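Participant: based on what follows, work out the 3D shape:
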Amino acid sequence: MRFPNQRLAQLFDLLQKETLPQDELARRFDVSTRTVRTDITALNELLADHGARFVLSRGEGYQLKVEDAARYSQLLHQSPSHLRVPRTSAARVHYLLTRFLTSAFSLRLEDLADEWFVSRATLQSDMAEVREWLNRYQLTIETKPRYGMKLFGSEVAIRTCLTDLLYQVAQEDSDDPLLTLEALNSGMLETLQPLLHPCFTRFAIRLTDDSEFYLRLYCAVAVRRISEGYPLSDFIADDVDEDVRSAARHIINLMRPITGKAISPSEESYLRVNIAARRIEEIAPSAISPDDGDSLVDYILSYVNTHYNFNLQNDPQLRADLLTHIKTMITRVRYQINIPNPLLGNIKQHYPLAYDVTLAAVSSWGKYTPYVISENEIGFLVLHIGVGLERHYNVGYQRHPQILLVCDTGNSTVRMIQALLMRKYPQIVVSNIVSLREYEQLESIDEDFVISTARLSEKDKPVVLMSPFPTDYQLEQIGKLVLVDRTRPYMLEKFFDASHFCIIDGPMAQSDLFRTLCNRLEQEGVVDDAFYPSVEEREAIVSTMLGEGIALPHSLGLLAKKTVVYTVLAPQGIAWGDETAYVIFLLAISKTEYEEAMAIYDLFVTFMRERAMTRLRDSQDFESFKAVAMDCLSRL
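Facilitator: Numbering: from 1, shown residues only. This is a model prediction of the structure:
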């Protein structure tokens, strides 16, 4: 069965796996629901002779109904190739990478374009991402006229790249044809599973499920490469524990009959390093003594204390966790083994404070060591530092509701009401208690709202009437005001203002933007001349792009004399590494306000969650920007 267009093929594949409603299909394919209905009709016409059709179930969506199982099964067995044709740009990139990493011959895009029913120009466009991916592993593609393109690089790099790729594919779809048909020998992952797990158990090597699966993928890749005549050579690694050495030797002995070839000592050495880099250490902290590990833990904790005022140096649990992790991490960075961190994007977006603190510390330490620690590794360290911060500091700063209590019925009644409120809503702060007469004399109310035992006129804040023995309704009304989020609006009011807001209509380079804003802050006395170089240094380490076109440039450490957020809207966009920033928040945070100001990060996470970049970018002035920001916060 041949599909007249790619969308029909994608739709067919998708609806075989799950039942989906019209609206969801329209959203996924970026078409109207009418187009979805037209496509379903076209599919049903194609399937008419094959004993199946798609039907719409009310309340559920379209699902496959097989009316003649024999004919439908025959269709699937006759044309399995449709499952191996990539339908999206991301899938084509994965398939192209697999072809280059596994092919012994040169590849021509014209041949692949014919095989996958796309144009050569489409594949040429996908090749930019393919080359970028390969560059991370120092792999290159060379093109020869009339012959095509061929991959060049070390065998270690080829295997690592292919294993990382397959690991990422497996996270998205464990039944992807790349895993079962294209990249690995058929059934190899299933063959290796009962061999590897007992081996790790026998030699007391603890691994996470993800790490064990990654090692199984690597062994499957190694089996294919060795059997096709691409062995490893000249790789030596002796600094591993005896149990790791024994496990690697045992696995190599199991792989020999599978490959049908001799396996070199270099293969065993590289497998040892991969196991050592992924095992979970169970050694007592006192027994871990690699100099690099100790020095790195000491340096990180000292840096965090000196530059961010967070003293985590006396936390034995954090120190033990970091040391245990860093011992295996150093093995990985020494041999340039990269462990994918599927949570990295979430960590950067949702834990920006812990990420910045850890990144600054590790980057500073990197100046004194030959090791290069990747973003993935930093992400794992962030989780440890983040837990330590939560254990010792109020990093999730919250502004508790401040209330004014108005009561004219005597001191004992006041105490009873106060105790009842604190028991029911422990987060409230009774900032002041006044009589009815004193309340009437007040010109304005500083607190968030007023609780009164008598009826009184509202000034500029809400008033809730409460009797000494309150009803459920009265407590419910108080609760509605207590549970309102006041932290983010308070941050917006305190740290954002019109004098630190600008719109840049024309083109501007990132460095020029930094210099302009930093000079303004320096003239105001908010920062000194060390701030601008520090902002540039922080940006050079890893991009401060949070995502969705929102960037958060800042210095390494808390260098400001007072906390200010400089808001910049750039409708035309400013190049930010490989991305483009449209809404930029330059953070200048002081040591005196650091703990409270850390809640600023929650604002930016909220803007991301609400997908508010476009609305913020299109604001005409500070007031309209603030209105959009408040609208985002009000929906939480």
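Participant: next one: phi and psi at residue 522?
Facilitator: phi -70, psi -40 (degrees, to the nearest 10).
Participant: gap between it and residue 560?
Facilitator: Here residue 522 is placed at a distance of 11 Å from residue 560 (CB to CB, to the nearest Å). Heads up, the C-betas are built off the backbone N, CA and C, glycines and all.
Participant: next one: residue 217
Facilitator: For residue 217, the distance to residue 560 - CB to CB - is 47 Å.
Participant: which of residue 522 and residue 560 has more residues huddled nearby?
Facilitator: Neighbour comparison, residue 522 and residue 560: the larger count goes to residue 560, with 23 against 15 (by other CB atoms under 10 Å).
Participant: dig out what the more buried one forms beta bridges with.
Facilitator: Residue 560 forms beta bridges with residue 590, as assigned by DSSP bridges.
Participant: with residue 581 instead?
Facilitator: residue 574.
Participant: burial check on it, number of neighbours?
Facilitator: Residue 581, neighbours per other CB under 10 Å, totals 27.
Participant: what's the distance between it and residue 375?
Facilitator: Using CB to CB, residue 581 is found at 19 Å from residue 375.
Participant: and the strands in the stretch 301-450 of the chain, which stretches?
Facilitator: 402-406, 429-434, 449-452 (DSSP state E, counting those that start in this stretch).
Participant: can you redo those as JSON lines with distance to residue 268, mean pLDDT and mean neighbour count?
Facilitator: Shown next, in JSON lines, are the strands of the stretch 301-450 of the chain (distance: least, CB to CB, whole Å; pLDDT from 0 to 100; neighbours: other CB atoms under 10 Å):
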{"stretch": "strand 402-406", "distance to residue 268": "67", "mean pLDDT": "87", "mean neighbour count": "22"}
{"stretch": "strand 429-434", "distance to residue 268": "65", "mean pLDDT": "85", "mean neighbour count": "16"}
{"stretch": "strand 449-452", "distance to residue 268": "71", "mean pLDDT": "88", "mean neighbour count": "22"}
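Participant: these: which one's closest to residue 30?
Facilitator: Among the strands of the stretch 301-450 of the chain, strand 449-452 comes nearest to residue 30, with 46.0 Å by CB to CB.
Participant: packing partners of whichever helix or strand comes after that closest one?
Facilitator: Downstream of strand 449-452, the next assigned helix or strand under DSSP states H and E is strand 463-465. Counting by 3 or more CB pairs under 8 Å, 6 or more residues apart in numbering; DSSP states H and E, the packing neighbours recorded for strand 463-465 are strand 449-452, helix 472-482.
Participant: in the stretch 151-300 of the chain, where is pLDDT below threshold?
Facilitator: By pLDDT under 70, the low-scoring segments of the stretch 151-300 of the chain are 238-239, 281-292.
Participant: apologies, that question was intended for the stretch 301-450 of the chain.
Facilitator: Residues of the stretch 301-450 of the chain meeting the criterion pLDDT under 70: 349-350, 394-400, 409-412.
Participant: show me where the stretch 351-500 of the chain has helices.
Facilitator: 352-366, 375-392, 411-424, 436-441, 472-482, 487-495 (DSSP state H, counting those that start in this stretch).
Participant: and residue 482, what does it touch?
Facilitator: 401, 425, 427-428 (CB atoms under 8 Å, 6 or more residues apart in numbering).
Participant: C-terminal to the host helix or strand of residue 535, what's the next element?
Facilitator: Following DSSP H and E, one finds residue 535 within helix 531-541. Downstream of helix 531-541, the first helix or strand assigned by DSSP H and E is strand 545-547.
Participant: residues of that following strand that come out buried?
Facilitator: For strand 545-547, the buried set under the neighbour-count rule, 16 or more other CB atoms under 10 Å, comprises 545-546.
Participant: other SSEs contacting it?
Facilitator: Contacts defined by 3+ CB pairs under 8 Å, 6+ apart place strand 545-547 against helix 344-350, helix 600-609.
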